[in-house]
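In: Next comes the sequence, and after it the predicted model I'd like to discuss.
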Amino acid sequence: MKKRIISAFSLVCASALIFDFCLDSNNKNTYTASNTKATLTAGAITAGAVDIASLDSISVTDSDAIATAKSLGDIYGYNNLGICNVSEGNLNIRESASTDGKLAGKFPANAGCEILREEGDWSYIKSGEVEGYVLTEYLLTGQAAWDKAVELAEYVATAKTGGLRVRAEGNTECEIIYQLAEGEEIAILDNTQDQDWIKVDVDGDEGYVSAEYVDVDLSLKTAMTLTEARYGEGVSDVRSALCDYALQFVGNRYVWGGTSLTNGVDCSGFTMQIMAKYGVYLSHSSRAQANEGTKVSTSELKPGDLIFYGKGGRINHVAIYIGGGQIVHASNKRDGIKISNYMYRSPIKCVRVLYD
């Protein structure tokens, strides 16, 4: 699931028209403005640099300032922002303005979109790579959407290089616990005062990445296209059906120890419940599941196979391969059940539990 990046300063003070923020190369603890057209008015902050640690205490409450900023255009990366307003799960995006319309994608609760036009009770939206119709009654729009965006946006770090090293502590002498693919987004756990290292969450594990090799920004979730999973030729109906079934839960909650696909599940609980529907009964443990099938190589992977990841060679995470180089998995509290590239981390083991 791709996410729309939002400028950090835009959320700090919506009365400023400021775009394209990046980490200063000489001070990884500040954001710098590359295009400043107005003066920041939040407290004593001025344009030029904002300390990461100070941002948590800043909020936008001046509706007039927000309205002024909106009139300048595209402050949040959206001209006409909509926020998915459902209590949980996903809102269906359809190809036509009808409840019988073919599904085009899934719009997670609290995700953002661009409202392109309205047609009766329906809005035609674009979110991430998905375009289609949703019922307008399930969208926050106007002022309510802008206010909600300030509340929902979260810090993410995006890897600028392949093999990004996630370390156990914030130094180059300690253990490398993961390596991430280029472009992978990971949640930032806190705004550390350290200038060189950023604390992150990778599938529920804490670690540190060098600020030099990531872009840091604020983001809103966006929709997931149903065509992200490509099964390829020679895939059985059972495998295709299993992947389709798993994908309908994308956007639902991650809960450690959970086993409910709708109310909260962890990584092994997710694979356990998905496989159980198709007559395969697994333990509620990623390490145990790794030994409950036949080992296969990455070149032999088929949709429905399990891929295992780990820390220091010890398995601690499991996902379902869905084809096209992608997996679906219960990742962490921020993202819940999501789609990722299967090489977002280096797999430790691949296992086949479906035999067809």
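Out: Cool, the structure landed. Numbering: from 1, shown residues only.
In: I'd like to know how far I322 sits from V156.
Out: 23 Å (Cβ to Cβ, to the nearest Å). For the C-beta atoms, the positions are set from N, CA and C on the backbone; glycine is no exception.
In: Please apply the same query to Y138.
Out: Applying Cβ to Cβ to Y138 and V156 gives a distance of 25 Å.
In: When those two are compared, which one has more neighbours?
Out: More neighbours surround V156 than the other of Y138 and V156, with 21 against 16 (other Cβ atoms under 10 Å).
In: so is that one in a helix, a strand, or just coil?
Out: Under DSSP: H, G, I helix; E, B strand; the rest coil, the three-state class of V156 is strand.
In: My guess is it contacts S219. True?
Out: Yes - look at V156 against S219 with Cβ atoms under 8 Å: they come within range, at 5.1 Å.
In: just for the stretch 51-200 of the chain, where's the confidence low?
Out: For the stretch 51-200 of the chain, applying pLDDT under 70 flags the ranges 51-77, 191-194.
In: repeat that with 80
Out: Residue ranges of the stretch 51-200 of the chain with pLDDT under 80: 51-78, 88-89, 153-155, 190-195.
In: V134 is in contact with R94, correct?
Out: Yes - with contact defined as Cβ under 8 Å, R94 counts as touching V134 (7.5 Å).
In: Who has more neighbours out of the two?
Out: V134 (26 against 19).
In: Give me the three-state assignment for the residue nearest to G112 when sequence neighbours are not counted.
Out: Residue nearest to G112 in three dimensions, not counting chain neighbours: L220, with 3.7 Å by Cβ to Cβ, 6 or more residues apart in numbering. Secondary structure, three-state DSSP: L220 is strand.
In: Show me where this structure has its helices.
Out: For the chain, the helices defined by DSSP state H cover 8-12, 63-72, 142-152, 237-247, 267-277, 286-289.
In: and the fifth one, C-alpha only, in PDB?
Out: Put plainly, it is helix 267-277. Presented in PDB, the C-alpha positions along helix 267-277 are these (Å, rounded to 0.1, in the frame of the first residue of the first chain):
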ATOM      1  CA  CYS A 267       1.600 -12.200  11.800                       C
ATOM      2  CA  SER A 268       1.300 -15.900  12.700                       C
ATOM      3  CA  GLY A 269      -2.400 -15.500  13.700                       C
ATOM      4  CA  PHE A 270      -3.100 -14.000  10.300                       C
ATOM      5  CA  THR A 271      -1.400 -16.900   8.400                       C
ATOM      6  CA  MET A 272      -3.000 -19.400  10.800                       C
ATOM      7  CA  GLN A 273      -6.500 -18.100  10.200                       C
ATOM      8  CA  ILE A 274      -6.200 -17.700   6.400                       C
ATOM      9  CA  MET A 275      -4.800 -21.200   6.000                       C
ATOM     10  CA  ALA A 276      -7.400 -22.700   8.300                       C
ATOM     11  CA  LYS A 277     -10.200 -21.600   5.900                       C
END
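In: Just read off the phi/psi values of R334.
Out: Backbone torsions of R334, given as degrees, to the nearest 10, read phi -70, psi -50.
In: Hmm, W256 is touching V265, no?
Out: No - using Cβ under 8 Å, W256 is not in contact with V265; the gap is 9.5 Å.
In: The two - which one has more neighbours?
Out: Set side by side, W256 and V265 show more neighbours around V265, with 26 against 13, by other Cβ under 10 Å.
In: just to revisit the earlier point, for the residue nearest to G112, report the pLDDT, please.
Out: Predicted confidence (pLDDT) for L220: 77.
In: D205 now?
Out: The model's pLDDT for D205 equals 82.
In: please renumber so the chain begins at 246
Out: Done: numbering now begins at 246, and the last item shifts to D450.
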